[in-house]
Structure formats: C-alpha cells, structure tokens
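Chemist: okay, sequence plus prediction incoming.
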Amino acid sequence: MIAHTKIIATLGPASTKESVLRKMFIGGMDIARLNFSHGTLKEHRERIILIRGLNKKMRRAVKIMQDLEGYRLRVGKLSKKEVFLQKNHVVYFVQDDIIGDKNELSFDYRGSLTVIKKGSQIYIDDGKILLEIIGGGRKRLKAKVIIGGLLKEKKGINILGADLEFDALTAKDRGDLKTALEYNLDYVAQSFVRSAKDINLIRGVIASEKKRCRVFAKVENKKALLNIDEIIDASDGIIVARGDLGICLPIYKVPVIQKEIVKKCRFKNKPVVVATQMLDSMASENIPTRAEVSDVANAILDGATHLMLSAETAVGINPPGVISMMNKVIKNTENYQRTGSCGNIY
C-alpha cells in the first residue's frame, strides 16, 4: 500500500552516512530537509550530492527542501561552555560583542531596544529558560530570571510582546538561497514569514535567477497568523511550525490553530506540513510515546499532506527506525480513512 501523506526528514550528523540514508530511503522518506540554521555549507552540499546519487542508484525521487534560518536572535559567546541562570537573578542583555556570564549576556539584535518594553518576556532555548524585562535603555536591557536553567552559547531567543525590526531575507539567507538555486533544489522553506510580501520577495529572487523552486511559508509568529489567508495564497505550501508557535502563543492554543491552518490549506488545495516534535522521544528511545503516535495520526485525519521530523532523524539514535515508525502510523491511519475500519487489531 502506497502512503499518500509524505514524510519530511531533517538530515544531520546522525543521518549523513550513505548506509543510514539508504535505509531511510527504503523506510519511506519522501523529502530530505536541510536545516541551514545548522551545519556548514560544505556539509549541506555533500548531503545534496549524496541524496542525488542515491536517487539514481535506487531509482527513487526523494526531493530536497532547504530550510532558511531567517532572522533568529541568539545568545552570544559565554566565558564558560554553559552558565546557570538562577531564578530571581538579574541579568543584563547588551548589544555589544562581549564574552557573557551569568550577570551579562550579549545578543545579536541590532535594532532599537526601545521596542522591547518593560514586562516583555524573553524565552531562551525553546522556552527552557524564561526571563522578564524589568528595565531598559538605549544600549542594554535589564531582566529577571523567572525560570532558570543551564544556558549554552548561541541558543535561540524569542522576545514576546516586542515588534522587532528585521529583514525578510537576511544576508545569510540570500547566500544560502543562492546555493539552493545552484543545485536546483525542489523546495525552500522561508522562516518567520509575516505577510505575503515576504513570500513575494523570495519569489522575486528565484525568478531573477530563472529558476523553479517551490516556496513554503513557515507559520511561527502572531503576524503570520493575522495574515494567514494572504500567506496561504502567496505560497506553494504552509509549514505549521509548532515549536515557535508554542512560544509566541499560550501552548494550549496551538492544537486548535494547527487544525484551522490545515483546514484553510485543504480548502485552497495547498500542501500543509505539520512540524515539530512529531516523534520527539525517538531521538533517544527506540519507540515513541502513545501520545506522539496519536498526534501523528490526528494530523493525518485532519488533512495534513506532509509530516516533518526534526531532531529525531537529525541527531537521533536510529533515524531509519523513526522513518519506519512514521510510515506505519501513516499507512494504518490512511487505511482507516479509506475503509472506516480499524482492520485486524492483531
């Protein structure tokens, strides 16, 4: 039985060897995602060549998606590999390029700090650490640790309640996009899309190079949700990026928002990807949780056309096993959609 829901698997250190990739091909991977937030240009080029070579050897047609980094705020360098931020401790964020410690951290936002108001919340490392702005100025922000933890350098930062100034395509994105077009990749995923204007900008770059590459918009902030209809119309597909959505919004709102976006995309006959933590526990375990399996199945039942795997296949202990499990869930769920029966429960 051929599965209709497509599997997008992120490649990384755990899934770069040809022997591993070959098993992922056999297991049912449809699209290989190259996350340009991580890895070097050389590593990504080697993966592209490897995928194309396996497609020829195995007579497959696995597509390649480039995921642009976008404007991502990050913590700067630290004096140690990691520092512990204690609850209620006061930390200063500065724009100067300093070596940070538990009292003072650099971050790479170069816009005006006046847009970051008192009471704004700062989430670091996908929300593992939370701080609240208690004071500010032209050159630095004063914050109090609400949820502490170990902080490593270069971890991502999300600032809620601030209208930050950034370009839809950074200089790095433009360079990375040039690589995608050079190798004629199938898809480009644009991060932190805010409106149709952002999509049209990247389409203009692609058209100027006389290339054909489909553009998927990653929905991961409030502005994208406000402009979701025009973004769906302007793009070739949507990625519901639940990780960042779960930070910029109350986490309990994300499931319903996911369903609404999937419904809108299906109504307009646009591909829609559900992403983030689909089988997350399989990064370190051989089987997923029951809740994760239900999450995957429900995304299919809602109408998702693609499901994306991230850390599970990029740095996990068994990327081929993750693909195989995802494929089994897809086929069983699609069989139920066709027949209305659970089938042989044994």
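Modeler: That came through fine. Because the structure is predicted, anything quoted here is derived from the model rather than measured. Numbering: from 1, shown residues only.
Chemist: quick one: the helices in the stretch 151-300 of the chain, in order.
Modeler: Taking DSSP state H, counting those that start in this stretch to define them, one finds helices in the stretch 151-300 of the chain at 171-182, 196-208, 222-226, 228-234, 242-248, 254-267, 290-302.
Chemist: any stretches of the protein with poor pLDDT?
Modeler: Within the chain, the ranges that satisfy pLDDT under 70 run 1, 345-346.
Chemist: can you give the domain ranges for it?
Modeler: Using automatic domain parsing, the domain parsing of the chain gives 6-70+167-339, 73-160.
Chemist: of those, flag the one that's most buried.
Modeler: domain 6-70+167-339 (a mean of 18; mean count of other CB atoms under 10 Å). C-beta here means a position set from N, CA and C on the backbone, and glycine is covered the same way.
Chemist: start to end distance for it?
Modeler: With CA to CA, to the nearest Å as the measure, the first residue of domain 6-70+167-339 is 20 Å from its last.
Chemist: same thing with stretch 165-172?
Modeler: From its first residue to its last, stretch 165-172 covers 17 Å (CA to CA).
Chemist: what lies in contact with that stretch?
Modeler: 36, 68-71, 111-112, 115, 177, 190, 192-194, 197-198, 201-202, 205 (CB atoms under 8 Å, 6 or more residues apart in numbering).
Chemist: got a list of contacts for the top helix by length along the chain?
Modeler: Secondary structure of the chain per DSSP state H: the longest helix is helix 319-339. Residues outside helix 319-339 that contact it (CB under 8 Å, 6+ apart) are 1, 3-5, 7, 9, 14-15, 20, 23-24, 26-29, 278-279, 282, 286-288, 293, 296-297, 300-301, 307, 309, 312-313, 316, 341-343.
Chemist: relative orientation of that helix and helix 290-302 in degrees?
Modeler: Going by axes from the mean of the first three to the mean of the last three CA atoms, to 10 degrees, helix 319-339 is angled at 50 degrees with respect to helix 290-302.
Chemist: run the chain-centre distance for helix 319-339.
Modeler: Distance of helix 319-339 from the chain centroid (CA atoms, centre = their mean, to the nearest Å) equals 22 Å.
Chemist: same question, stretch 111-122
Modeler: For stretch 111-122, the distance to the chain centre is 24 Å (CA atoms, centre = their mean).
Chemist: same question, stretch 224-231
Modeler: The answer for stretch 224-231 is 18 Å, by CA atoms, centre = their mean.
Chemist: what about that stretch, start to end distance?
Modeler: Chord length of stretch 224-231, first to last residue, is 7 Å (CA to CA).
Chemist: before we move on, what about stretch 185-200?
Modeler: End-to-end distance for stretch 185-200, by CA to CA: 18 Å.
Chemist: report the beta-bridge partners for the residue most central in space within the chain.
Modeler: By CA atoms, centre = their mean, the chain has its centre lying nearest to Ala241, at 5.7 Å. Beta bridges link Ala241 to Ala275 when assigned by DSSP bridges.
Chemist: residues touching it, list them.
Modeler: Contacts for Ala241 (CB under 8 Å, 6+ apart) come out as 218-220, 275-276.
Chemist: these: which two are farthest apart?
Modeler: Spatially, the most separated pair among these is Val219 and Thr276, at 11.5 Å (CB to CB).
Chemist: closest to Ile133 out of the helices of the stretch 151-300 of the chain?
Modeler: Between the helices of the stretch 151-300 of the chain, helix 242-248 lies closest to Ile133; by CB to CB that is 15.8 Å.
Chemist: what about Asn344, how many neighbours?
Modeler: Using other CB atoms under 10 Å, Asn344 has 5 other residues around it.
Chemist: grab the nearest non-local neighbour of Ala3.
Modeler: Ile330 (4.6 Å; CB to CB, 6 or more residues apart in numbering).
Chemist: endpoint to endpoint, stretch 211-231 covers what distance?
Modeler: The first residue of stretch 211-231 is 21 Å away from its last residue (CA to CA).
Chemist: next: stretch 246-262.
Modeler: Counting by CA to CA, you get 17 Å between the two ends of stretch 246-262.
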